[in-house]
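Student: Predicted coordinates and the sequence they were generated for:
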Amino acid sequence: MELNKRRMALLALFVYTVVLCACGRQQPDAKNHLYAGVACYNKSDTFINQFITCLKDQFDKLGADDFEVSMTIRDAAGSQRTQDDQVKELIAAGCNILCVNLVDRADPSEIINLAREKNIPIIFFNREPVAEDMMQWDGLYYVGADAEQSGVMQGELAADVIKTGGIADRNKDGKIQFVILEGESGHQDAIIRTKNAVDTLKKQGIVLEKLCCSIANWNRAQAQNRMMQIIGQYQNKIELVLANNDDMALGAIDAYKKLNYTESARPVFLGIDGTDAGLEAVIEGKLAGTVYNDKEKQAQAIAKLALSIIKGKTSDEGTKPSTEKTGDVKNKYIYLPYSKVTSGNAAGFLEKPL
């Protein structure tokens, strides 16, 4: 009996030693291992899906012989509660940096608390938390673009089309009758894009009459449905459609196609984001223009910032975020500029390398 007890004790010691060694091999030096947990609000969003592809490519480029990079992606499918749970899972899996595209930009507190408890920095992207939340902890960063700039550029594109005769004042009343397709109810970027597009048109001397503003949640199918209802109400009165993103602009075009409107009877459409489908539509003349949201440079900025944080170099030049809305680097924010896209330059954006 005593011999059996000794054998069992030795066996237990052997198993413990094997497990300990295995765990040691699975936990590389944190300075030599970047494990990014990426949580996105909804991969069915065309722009976000393309953004995540760029981000994966940029993280893949960081790997080296002496530095390991791994990445896990989770899709919340539009649920903040799901995203909170996914962040818990990513932290439990050993992520040492989080890249979060919030479902609800006004409700990041649980994610921030979870990360702060484990001292895991967060790089928010695309959907910017409110300033008060960004001040909760030093380990919070944001990479994105300035929504105001996108609205101004969309307004400038629309004004250019109007002034060159691209939009007919069909009823000869000296006004442009227009429709807004807005991203989300109460969403900061949607509100800012809309306001600045309209304000810019007015500053350009364009007299406007708003027929309708409808929420389509950044979604092409929803935009098609909303636009069909709007067309039913206003018929041929609509001369301009300003959409907060390309998918909704394309959905509006789909509505006119489904109702068998000829191209000459359709209004002018403008989008924002410069998705592949949006750029192709500009090249084909279906969209009058869009505003390019530089997913490639934003993804690159996220990857470089993540690397600098893990290596403890966030104070080095070129790695520290900025409070100014530029690509410079200071404090907590990195903003990359938008670009106006027309038929004359759209192909160059479509061929832009990752």
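Tutor: Alright, I've got the coordinates. Numbering: from 1, shown residues only.

Student: Give me the phi and psi for Asn345.
Tutor: As for Asn345, its main-chain torsions (degrees, to the nearest 10) stand at phi -130, psi 0.

Student: do Ile253 as well
Tutor: phi -60, psi -40.

Student: Next: Tyr333.
Tutor: When read as degrees, to the nearest 10, the backbone of Tyr333 gives phi -120, psi 140.

Student: That one against Tyr141, yeah?
Tutor: Yes - if you go by Cβ atoms under 8 Å, Tyr333 and Tyr141 touch, sitting 7.4 Å apart. To be clear about C-beta, it is placed using only N, CA and C from the backbone, and glycine gets the same treatment.

Student: Between the two, which is the more surrounded one?
Tutor: Tyr141 (25 against 22; other Cβ atoms under 10 Å).

Student: Next, the more buried one: secondary structure please.
Tutor: Here Tyr141 is strand, with the state taken from DSSP: H, G, I helix; E, B strand; the rest coil.

Student: ok, and the closest non-adjacent residue to it?
Tutor: Nearest non-adjacent residue to Tyr141, counting by Cβ to Cβ, 6 or more residues apart in numbering: Ile123, 4.7 Å away.

Student: before we move on, what about Lys286?
Tutor: Once flanking residues are discounted, Lys286 sits nearest to Ile253: 5.6 Å by Cβ to Cβ, 6+ apart.

Student: what's the burial count for the one you found?
Tutor: Applying other Cβ under 10 Å, we find 25 other residues in the vicinity of Ile253.

Student: Secondary structure element holding the residue nearest to Gln204 when sequence neighbours are not counted?
Tutor: Ranked by Cβ to Cβ, 6+ apart and with sequence neighbours excluded, the top spatial neighbour of Gln204 is Ala159, at 3.8 Å. Taking DSSP states H and E as the criterion, Ala159 maps to helix 147-163.

Student: Tell me the helix or strand right after that helix.
Tutor: strand 176-182.

Student: Assign the residue nearest to Tyr141 to helix, strand or coil.
Tutor: Secondary structure, three-state DSSP: Ile123 is strand.

Student: Same question for the one 5 residues further on.
Tutor: Using three-state DSSP as the criterion, the local structure at Glu128 reads coil.
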